[in-house]
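K.L.:
sequence below, structure please.
(chains A, B, C and D)
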Number of protein chains: 4
Amino acid sequence: MKHRSGRHFLQIPGPTNVPDRVLRAIDNATVDHRGPEFQQMAKEVLAGLKEVFRTKSPVVIFPASGTGAWEAALVNTLSPGDRVLMYETGHFATLWQGMASKLGVVPEFVEGDWRKGADPARIEARLADDRNHAIKAVCVVHNETSTGVTSRIADVRKAIDRAKHPALFMVDTISSLASIDYRHDEWGVDVTVAGSQKGLMLPPGLSFNAVSDKALAAARGAKLPRSYWSWEEMIAANKDGWFPYTPSTNLLYGLRVALKMLVEEEGLENVFKRHDRHAEAARRAVRAWGLEIYCANPAEYSSSLTAVLMPEGASEIAFRNVVLEHFNLSLGSGLSKLRDKVFRIGHLGDFNDLMLCGTLCGVEMGLALAGVPHQKGGVAAALDYLASADKAAGGTKRAAA
Amino acid sequence: MKHRSGRHFLQIPGPTNVPDRVLRAIDNATVDHRGPEFQQMAKEVLAGLKEVFRTKSPVVIFPASGTGAWEAALVNTLSPGDRVLMYETGHFATLWQGMASKLGVVPEFVEGDWRKGADPARIEARLADDRNHAIKAVCVVHNETSTGVTSRIADVRKAIDRAKHPALFMVDTISSLASIDYRHDEWGVDVTVAGSQKGLMLPPGLSFNAVSDKALAAARGAKLPRSYWSWEEMIAANKDGWFPYTPSTNLLYGLRVALKMLVEEEGLENVFKRHDRHAEAARRAVRAWGLEIYCANPAEYSSSLTAVLMPEGASEIAFRNVVLEHFNLSLGSGLSKLRDKVFRIGHLGDFNDLMLCGTLCGVEMGLALAGVPHQKGGVAAALDYLASADKAAGGTKRAAA
Amino acid sequence: MKHRSGRHFLQIPGPTNVPDRVLRAIDNATVDHRGPEFQQMAKEVLAGLKEVFRTKSPVVIFPASGTGAWEAALVNTLSPGDRVLMYETGHFATLWQGMASKLGVVPEFVEGDWRKGADPARIEARLADDRNHAIKAVCVVHNETSTGVTSRIADVRKAIDRAKHPALFMVDTISSLASIDYRHDEWGVDVTVAGSQKGLMLPPGLSFNAVSDKALAAARGAKLPRSYWSWEEMIAANKDGWFPYTPSTNLLYGLRVALKMLVEEEGLENVFKRHDRHAEAARRAVRAWGLEIYCANPAEYSSSLTAVLMPEGASEIAFRNVVLEHFNLSLGSGLSKLRDKVFRIGHLGDFNDLMLCGTLCGVEMGLALAGVPHQKGGVAAALDYLASADKAAGGTKRAAA
Amino acid sequence: MKHRSGRHFLQIPGPTNVPDRVLRAIDNATVDHRGPEFQQMAKEVLAGLKEVFRTKSPVVIFPASGTGAWEAALVNTLSPGDRVLMYETGHFATLWQGMASKLGVVPEFVEGDWRKGADPARIEARLADDRNHAIKAVCVVHNETSTGVTSRIADVRKAIDRAKHPALFMVDTISSLASIDYRHDEWGVDVTVAGSQKGLMLPPGLSFNAVSDKALAAARGAKLPRSYWSWEEMIAANKDGWFPYTPSTNLLYGLRVALKMLVEEEGLENVFKRHDRHAEAARRAVRAWGLEIYCANPAEYSSSLTAVLMPEGASEIAFRNVVLEHFNLSLGSGLSKLRDKVFRIGHLGDFNDLMLCGTLCGVEMGLALAGVPHQKGGVAAALDYLASADKAAGGTKRAAA
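P.N.:
Sure thing, here's the model as predicted:
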C-alpha cells in the first residue's frame, strides 16, 4: 500500500473519528463478564445511556451493528402480518422498510422525495384513516444519514396524538443520537434505535434500543420469533449488571469513557450546539461554492451531516476518489437513487473547528482538481462564520463552555 | 475499587486472554468500511478464516456474540415447525435448544448426563427411526464449555451417514475452534458456529458461520424470517470485501492479527498440541489434588478447559470467591445444574506453561484457604509432566517449533 | 479542565504529531534489554538510522533529549579551554554556545541577526585567520527552530575546506533531520546532533550523534570529563546490539516503526518534497495575510517551520492564546529576543495537506479574533498552491509516490 | 522469529512489568511542553514524586536512564579532584565508582565481598580518620541489583553522624525506590538517585535526583562542568511546571499514572509489604531447592530481587537459556565477577502472587531440564508460605488493603 503521511480525515457520516481516549479504553484487557469489575462497569454504562437517550426507561445494549437494533425494535413488538407505517425519508428508511417485509410484517411506506423529512400532517392523515387501528407502529428515521434531512420527531408525536392512534412510535436515531437534540421520554417515543459509531464516538459493534413501558407491554403479546434480540431476558439480567449472553466487553469499556466525555465533560447541550455550529459553517461553504444543499427544508437541515448535490454532469464518485487520493479525506457517497449524484460531509462525533476547516479545504481543492464547476470561497465563508460566531459568543466564554 | 497489583489471571473458559498485539490492533482508528483499505483487510480476513475452519466454503462474520451465530445457523436453514435433533451435552447445548424453541422450530433433545459427549450411536438410532426425514438438522456442541467434554464430531458425521439421513449437520465450536482440531469440510459439517472470544484470542463481539453448499441450498427454501442474520446478502457482499451493513471494523483489525498469529506464526497443529499439553497438565494436577475431573470419558477430555467436581459439601462459589479475592484469578463457575458443584479452569487461547502454572498454584492455594478437602501436590504433578514432556520432545526442538 | 472536542492541532515546530503506529509501538511491553529480542531490534534500528543520517559511520543513541546530544558532541571531542567557532543563528545556537561555556570550552560566537543563516564566507574568513588552528570545532545549527532559517551546511563545509582548517564540523539537525535534505557523509560533517521529537515523529526522549572517524579520533584525545555521554563504550556495545546502560526500550520500539515509515514506506526523497510543499504553501498564506516571514533570505527558508513577524504593536502571546483557546491549536512562541514578536508554524513530521489547511485556517481566524492587522486570503492562497501543485504533478502520480 | 504463545514473564530485576494502564498512558499524543496541559501534569508529577521519595525537597526528573542520575548526583555537588567514599556492594556500586573516576573525582572504594551490604562501622571508622574532611561525599547503593543485598541506609546515616563528618550522603535507590521502604528526609540523605524502570513500574528513560538543601548549597560551589544535568535551571523551571529543555513528555504521562497507583491506590506501605511477602516466598523456594541465597546476611535480604548461587559446576547462563527457550521467562544474569555463577529472580514492580508462582515454577522446571542439581519442592514451599501468610492475615482483610 502506498504511504500516506499524517492523519486520515474520516468525514463520512459515520463511523466517526473515535477519540484516542475511547480507543485506549477499548484495548484494555477483557475481563470476566460474570465478575464484579464487569458488573460495576455495566451498571455505570446502563445508567449513563439513559442520560443520552433522555429517558427513565431501560436502554438495551446489543453486541451488534445498528441494523441489529432495527431488527430488535420490530421483532420485540410485532406479530407476523402486523401493519407498520414507515416514512420514506431516504436510503436508510427504505432499508428499514425492506427489513420489516423480510421479517414478516407489512410496512406501509409513505412516499417521500428524500429532500424533506417525515411530514407530520401526512402521518396524521393516514392514522386518522386507520379507524380499526390496524397500524401497530409508526417508524421514522430522525436523521436520514443518506440525505442530511432531520425529521421533526416532536411534531410527529403530536400528529399521532392528534389522530388519537395507539400505534407504537419507533424512531431511528442512528446518526442523530448525541449529535442532535433528542428526547425519548419527552417526545413520547416507544422504541429508540441507535448505534455506537456516530455521535457516541465509538467503533461500530454496539447498538441500542430505548424501550418505553408501552413497548414492553406490546412485547409481551408480540409473536415474531426472537431470541438474540429479546428484550425480556436482557432487561432482567441488566438489572444486576449482567447480560444473558456474552456482551461486547471491550466496546463497553469505550462506551463508558464516551458517556463520561459527552455527559459529564462537554455536556449534551454543548455537544448539540457544537454540531449546529459546524453544520451551519459547512452549509455556508456549500452555498459559497455555488452548490446545492440536498435538504430542501431549512427547518430540517441536519446538524450531523450535509449532503451536497453535484452539478449536472459531474460525478460524485470521481470527485470523492480525487479527494481520497489527493487529500486522504473520506467523504460519504451517494446511496441508491442518489448514487453518483450527491456526496455527504460528515461533521458529527468527536470533531472541532479545525477538523471541519481541513475537511472543507479538502472539498474545495477536490472540486478544483476534479473539474467540478464551482466558485471558490467556500472555506472563506466558513472561516468568516466560525470566527464571527466565536466573537459574538464572547470568545473565551464559548471556549470555557 | 481496591487495588490489585500485577496482572489478572483470566482463566475462565472464555473470554480468554487477548494478546497485546491483538488489543493494539483493535485500538487503531476506525476507517471507512466502504473504502479500499477496509476492503483489502476484509478480503484477507475472510480468506484467513477458511484456514481456521478448514473449509473452502464461505465463512460469514457477524458483528454479534456467539449466541447470534447460533441464531443465524437456525434461521437461515429452517422453517417454522421444522424438527431438529439436538444433543444434551450440557448447559450450552441446552441454551441452544431453548433458542430453537423460541425461534419456532421443534427441537428433539437427546438426553445426556453432561459427563459424556454426544453419543454417535444414539444419534444414528434416532435418525434411522426417522423414515420420513422429518428431522431437518442435527445440532451438536463440539466442546461443551460448561463441562469440559468434547464430542466426537467425525463420528457423529459417520453416524448420520450410516443412517443415510439427509439432515443438515450443525456444530457449535465456540470453545473449540482454534484450540482443538476441527475440520468443517473433512467432517462434512454444514454449519459451523463459532465466536471470537475463545481460541481466536479476541474480545467478544464477532461470531461466525461456516456454511456448506448444502446449507446454502437449504437456506434458499428456509422460511424462518431473517434479515440481520441472512447469509445471502452477506456472502454476496463479502465476495468483493464488503458487508451489507456496518461491520465491527475494529474487531476485524484484531482478527487479522489473530489469524496471522495462529495460522502463520504458531501454526494450527502447534496450537492444538499446546492445548493438549496444557489440558493434560491440568488434569494431572486435579488428580493429584484428589479431585474428580467432571468429564467421565477420557476419550472426550476437552483440551480447552477442565471442569472439576467439588467434594461433597464444598461450595465452588465460595472457593472461586476466595481465589478471586486472594489471587486475582478468575475461574469458571458451575452453570445451571452444576451451580456450586463444579468449577472450570480455562486453558485455551493465548496461553503458555507459566500462565498455566500460575493458575494451578492459585487453585491449589485457594483450595487450602477455602478449606476444600484435597491433597497437596497438584502443582508438583503438573510441573513434572510439563518438564518431562519437554525433555521427551527434545527441549529446544519443541521450543523452536 | 474544560473539555475540548476533537483532535488537538500540535503545530509547534516540535514535538510533532506522533503517528498512531508509533504510539502503539511505544506501548508494547518492555523486554529484557539483555535478551535476543531486544538485540535484534537494536541492530535493526542502528542500521536504519544510518540511512536517515546518510552515513556509514556509527550513529549513537542516547536515552536523553536533544540537549543531551549537544552535550555529547562537545564532551566527546573537546578538552577544557578548547576554542570552538559557533554561529549565532538564533535562540538554539545561543543555547548551544551557552552550554559550551558551561562545559569549560571557549566558544567564539559569530554574531548574526537571526534572520539569515550561517554565512559560509564569514566562517571561512575567521578560520583563515586562525593560523595556529586554535579553533577545534565549527558548530552550526542546520535549521534554527527559533527562526525558520536553514543554514547551507554543504557551503559551510566548502568554506572550511577552502580555509584548509582541520577543525571538526558539528551540525545540529534537531529540527531538520528527516524533514529537510541532510547528508552527514557527503557534506563532511563530523558530528551530527539530532533528537527524536521532530522529523523522526517520536515523542521526545531519544537523541543522537552521528560520528565520523575524525570525530572518533578526536575523542581519543579529548579531556572533558564524560561518562554517560561517552561514545566509546556505546559504539563498542552497539556492535552486538547492546548498550552500556539501560536504553530507552519503549522509545526504540517507536523508532523502529518510524524508520520503516520514513525510509521504506514513504522514502526520504518524498518526505523532503512533502515538507518543501507544505512550507511553500504556508509562506504563500503568510504573504497573503500581509505579514512578514521572519527569514530574510529565500534561499534559506526552512521547510520544517515558518516564523512569522507580528505587525508592530501586536502581541504574539495574546494571539497564540486566542488560537489555543478558540481552536485547540498550539503554535510556537517567540523565543528570547523574539518574545512576543514572532510566532512559529510547525509543518514538519507526520503531516499532510489537510492538517496544514486546518492549521492555516486556525491562524487566519485567530488573527481576526485577536485583532491582529492582516488581510484575509491566506488560506485561499495556500489552497490555490496546493491544488495547482497537485495538478502540475499529474495528480494521482504524486499521490502514488 | 519463532512464535511464543502467551505472556512473557519478565522477571529480571528491572526493567519490570509495566502495568497496562501505564503503557496506555504513555501512548497518548504528545502535547506542547510549553502549554497549560503539560504544566498541570508536570506540577502533579513533581508533587507526587516527593511522596515516593518521602521528602519535602525538590525531586529533579531527567530524560535519561538511571546512569544519568548517578552522573547528575556527582557533577552537581563535586569539584575535580574531590574525594568520595564509595562502598563496594556489587557490580553497580563498582560502576558508579568507575563513573566517579571518569568524571574527575577521586573515589575511595571500601572493599566488600558483595554478599553483605555497606558496613556502617567501617564507614564510620573511615570518616573518623578523615580529620580534614577531605571526603566530600559518601555514596552507597541502597539495594544492589547485582546481588540482592540491601544496605541499611538509616544506620549509615547514624555512622556519618557519629563521625561528625560533613560529607554529603548520596544513595542509589534505583532498584529499591517504591519497592523497599526508603526515606530521603528522615534518613538525612542529600542526594537520592533513582530510575523509572523498577519499582516505579515505567519503561526505562526517566531518572531522578532528590536533592537536600545541603546538596543544593554544595552545588553552588561545585566546579565539575555540567549543563544537561544541572539542578539549578531544572529546579527553577520546575517551580512553575516547566523544564529547561524538552522533557520526556510521554514517559511523564506514565509516571503520573504510576504515582497514582502506588501512592493513592495501593499505598506505599502496602507496596512494601507486598514486596516483602514475595521476597520471603522466593527465598523459601530457593532453600527448598537446596540452593544458596547469595545474600549472606538475613537482615539485608532484598525485597526486590533474590540472587541465587549456582551449585559448583552448573552454569547459570545455560540454565537461563533453557528457561527462556522453554518457558518464555527472563531471569537476571550474573554480572561481572558473578558471571555464570549467580542468577537473579526479580520480584519487584507491578507483581502479584500468581506471577511469582509462575516464575518459581519456571525456575523449578528449568533446573530440572538444565540438569542443575537441586531438590524439588521449591514451589510447594512458596505456596505453603503464601497461603498460610494469607490465612494469618485474615484473608479478605489483606485483599481489601
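
K.L.:
switch to C-alpha atoms for all contacts and neighbour counts from now on
P.N.:
OK.

K.L.:
what helix or strand is whichever residue of the stretch 101-250 of chain A sits closest to chain D on?
P.N.:
Closest residue of the stretch 101-250 of chain A to chain D, Cα to the nearest Cα: residue A:250 (14.5 Å). Element membership of residue A:250 [criterion: DSSP states H and E] is helix A:249-259.

K.L.:
which elements pack onto that helix?
P.N.:
helix A:20-26, helix A:36-53 (3 or more Cα pairs under 8 Å, 6 or more residues apart in numbering or on different chains; DSSP states H and E).

K.L.:
the residue of the stretch 101-250 of chain A closest to chain D - nearest residue in space that isn't next to it in sequence?
P.N.:
Once flanking residues are discounted, residue A:250 sits nearest to residue A:26: 4.9 Å by Cα to Cα, 6 or more residues apart in numbering or on different chains.

K.L.:
same question, residue A:39
P.N.:
residue A:241 (4.7 Å).

K.L.:
now do residue A:221
P.N.:
In space, residue A:221 is closest to residue A:77, 7.7 Å off (Cα to Cα, 6+ apart).

K.L.:
so for residue A:394, what's the pLDDT?
P.N.:
Looking at residue A:394, its pLDDT stands at 53.

K.L.:
ignore the last one, residue A:349
P.N.:
With respect to pLDDT, residue A:349 scores 98.

K.L.:
surely it is within a helix?
P.N.:
No: with DSSP: H, G, I helix; E, B strand; the rest coil as the criterion, residue A:349 is coil rather than part of a helix.

K.L.:
which bits of the stretch 201-350 of chain A sit near chain B?
P.N.:
A:203-205, A:225-228, A:245-250, A:330 (Cα under 8 Å from any Cα of the partner chain).

K.L.:
so which of these wins on neighbours?
P.N.:
Among those, the one with the most neighbours (other Cα atoms under 10 Å in any protein chain shown) is residue A:203, at 34 neighbours.

K.L.:
any idea what whichever residue of the stretch 251-400 of chain A sits closest to chain B is bridged to?
P.N.:
Going by Cα to the nearest Cα, chain B is nearest to residue A:330 of the stretch 251-400 of chain A, at 7.0 Å. Under DSSP bridges, the beta-bridge partners of residue A:330 are residue A:10.

K.L.:
distance of it relative to residue B:66?
P.N.:
Separation of residue A:330 from residue B:66 (Cα to Cα, to the nearest Å): 32 Å.

K.L.:
look at the residue of chain A found nearest chain D and say how many residues are nearby.
P.N.:
Across chain A, the shortest distance to chain D (Cα to the nearest Cα) belongs to residue A:24, at 6.4 Å. Other residues near residue A:24 come to 24 when the count uses other Cα under 10 Å.

K.L.:
now do the one 4 residues further on
P.N.:
The number of residues packed around residue A:28, counting by other Cα under 10 Å, is 22.

K.L.:
who's in contact with it?
P.N.:
With contact taken as Cα atoms under 8 Å, 6 or more residues apart in numbering or on different chains, residue A:28 is in contact with A:250, A:253, B:23, D:20.

K.L.:
show me where chain A has its strands.
P.N.:
With strands called from DSSP state E, chain A shows them at A:9-11, A:59-63, A:83-87, A:106-110, A:135-141, A:143-144, A:149-150, A:168-172, A:191-195, A:206-211, A:292-293, A:305-309, A:329-331, A:342-346.

K.L.:
which other helices and strands contact the last one?
P.N.:
In other words, strand A:342-346. Packed next to strand A:342-346, using 3+ Cα pairs under 8 Å, 6+ apart, are strand A:305-309, helix A:316-327, strand A:329-331.

K.L.:
could you say which of these is packed most deeply?
P.N.:
Compared across those, strand A:305-309 shows the largest average neighbour count, a mean of 27 (mean count of other Cα atoms under 10 Å in any protein chain shown).

K.L.:
Provide the strand pairings for that one, with the direction of each partner.
P.N.:
strand A:292-293 (antiparallel), strand A:342-346 (antiparallel).

K.L.:
out of those strands, which is the most enclosed?
P.N.:
Taking mean count of other Cα under 10 Å, strand A:342-346 is the most buried of those, at a mean of 27.
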